[in-house]
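Peer 1: My questions are about this predicted structure, shown below with the sequence.
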Amino acid sequence: MIHDSKLRGKDIVTSILFFILGVYILIEAFQMPLKDTYAGVVSKWYVSPALLPIIIGVSMILIAVVILLHAVKNGGVQALKESFAALRGSKVLSDGNIRYAAVLIPLLSLVYINLRIVDFYLAIVLYLGFTIPVFYLESDSIRRKAVYFYFFEMLILLVLRITKLSVVLDRVFYYFVDSIALIMIILLLVLFIREIKKSEQRELYRQKFRQAMVMSWVTPLFIVIIFRYMLRVPLPKEGAVVNLFSMIYYLVR
């Protein structure tokens with residue numbers, strides 16, 4: 001049986017997740033009309049489709065606050081510190097699970113986050129620039145560090161998408177989120193290069209890494225050219241790079 005203090009530590013994590021989910025529900029709910037006019041008839045707020053999500057979101061936030069206060073009052077903070085201390089220096093995931101994470105995290109991030117808020121070309125580079133070298137290098141230690149780092153990057157983009165900060169930032173500077181994605185790509189490259197230098201098979205890994213980078217940067221270039229300018233298919237998000245390609249295309253056409 002788990003000790004009560006340990007349960008309070010888990011309650012802190014649970015309350016934070018509930019709070020984030022409640023905020024997300026409210027953000028989505030307030031995008032629905034609270035009142036509107038249909039065929040000359042004014043619809044009242046109490047028949048709005050946003051009403052139930054608002055009630056659910058507010059309830060989840062209140063529950064999260066109550067759980068958090070109760071957990072903090074009953075030693076949850078100390079229990080959480082002890083849990084993190086126990087994890088320090090140990091492998092949270094096995095090498096097999098890391099492989100699964102290296103497949104699922106970038107794929108889910110590409111479909112549900114990156115293609116929605118990041119320039120199409122940069123989104124594909126961010127995906128391939130991780131998935132190709134992380135498996136082609138065949139190093140468990142490099143793969144593990146890359147997965148942790150990539151997960152943190154995707155977490156940042158997830159927060160930007162859920163909170164709609166991506167929209168706000170792009171209003172400040174049209175390519176703000178694209179710039180963040182580009183920085184993430186560069187930092188990921190730096191991580192791979194640094195870890196390759198530490199490896200005993202650095203020469204082999206350097207050769208493989210160069211090949212992986214060629215595939216990661218050239219492949220999306222052909223995808224953009226074929227779909228956007230030959231098949232005339234609009235891309236999910238046409239940002240900094242795709243717009244640059246469009247300028248070049250219409251200048252030389």
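Peer 2: Arrived safely.
Peer 1: Which residues are in contact with the closest residue to Ile67 other than its chain neighbours?
Peer 2: Spatial nearest neighbour of Ile67, chain neighbours left out: Ser15 (4.0 Å); criterion: Cβ to Cβ, 6 or more residues apart in numbering. Glycine gets a C-beta too; all of them are placed from N, C-alpha and C. Ser15 makes contacts with Ala64, Val65, Ile67, Leu68, Ala71, as judged by Cβ atoms under 8 Å, 6 or more residues apart in numbering.
Peer 1: Tell me how far Ser15 lies from Val190.
Peer 2: Distance from Ser15 to Val190, counting by Cβ to Cβ, to the nearest Å: 36 Å.
Peer 1: hang on, the earlier thing: neighbour-wise, which one of the contacts of Ser15 leads?
Peer 2: Using other Cβ atoms under 10 Å as the neighbour criterion, Ala71 leads the contacts of Ser15 with 23 neighbours.
Peer 1: which residues does that one contact?
Peer 2: Contacts were defined as Cβ under 8 Å, 6+ apart; by that measure Ala71 touches Arg8, Gly9, Asp11, Ile12, Ser15, Val77.
Peer 1: Run the chain-centre distance for the strand or helix carrying the fourth one.
Peer 2: When you say that, I think you mean Ile12. According to DSSP states H and E, Ile12 maps onto helix 4-29. Offset of helix 4-29 from its chain centre (Cα atoms, centre = their mean, to the nearest Å): 19 Å.
Peer 1: nearest to Ser166, of the contacts of Ser15?
Peer 2: Proximity of the contacts of Ser15 to Ser166 was ranked by Cβ to Cβ; the top entry is Ala64 with 24.2 Å.
Peer 1: pLDDT below threshold where in the stretch 151-253 of the chain?
Peer 2: Judged against pLDDT under 70, the stretch 151-253 of the chain has no low-scoring part.
Peer 1: try 90 this time
Peer 2: Low-confidence segments of the stretch 151-253 of the chain (pLDDT under 90): 170, 172-174, 200-202, 226-236, 249-253.
Peer 1: Break down it into its helices, ranges please.
Peer 2: 165-172, 176-198, 202-224, 240-252 (DSSP state H, counting those that start in this stretch).
Peer 1: can you tell me which residues contact the spatially most central residue of the chain?
Peer 2: Centroid-nearest residue in the chain, with Cα atoms, centre = their mean: Met154, separated by 2.8 Å. Contacts for Met154 (Cβ under 8 Å, 6+ apart) come out as Ile105, Pro106, Ser109, Ile113.
Peer 1: Please report phi then psi for Phe30.
Peer 2: phi -70, psi 0 (degrees, to the nearest 10).
Peer 1: same thing with Tyr174?
Peer 2: Torsion angles, degrees, to the nearest 10, at Tyr174: phi -60, psi -30.
Peer 1: just to revisit the earlier point, can you list the buried residues in the helix holding Ile12?
Peer 2: Buried positions in helix 4-29, judged by neighbour count with 16 or more other Cβ atoms under 10 Å: 6-9, 11-12, 14-15, 18-26, 29.
Peer 1: How about the contacts made by Val134?
Peer 2: Ala102, Ile142, Arg143, Ala146, Val147.
Peer 1: among these, which are in helices?
Peer 2: Counting by DSSP state H, the part of the contacts of Val134 found in helices is Ala102, Ile142, Arg143, Ala146, Val147.
Peer 1: can you tell me the helix or strand for the spatially closest residue to the third one that is not a sequence neighbour?
Peer 2: Translated: Arg143. Closest residue to Arg143 apart from its sequence neighbours, by Cβ to Cβ, 6+ apart: Val134 at 5.1 Å. Element membership for Val134, per DSSP H and E: helix 120-136.
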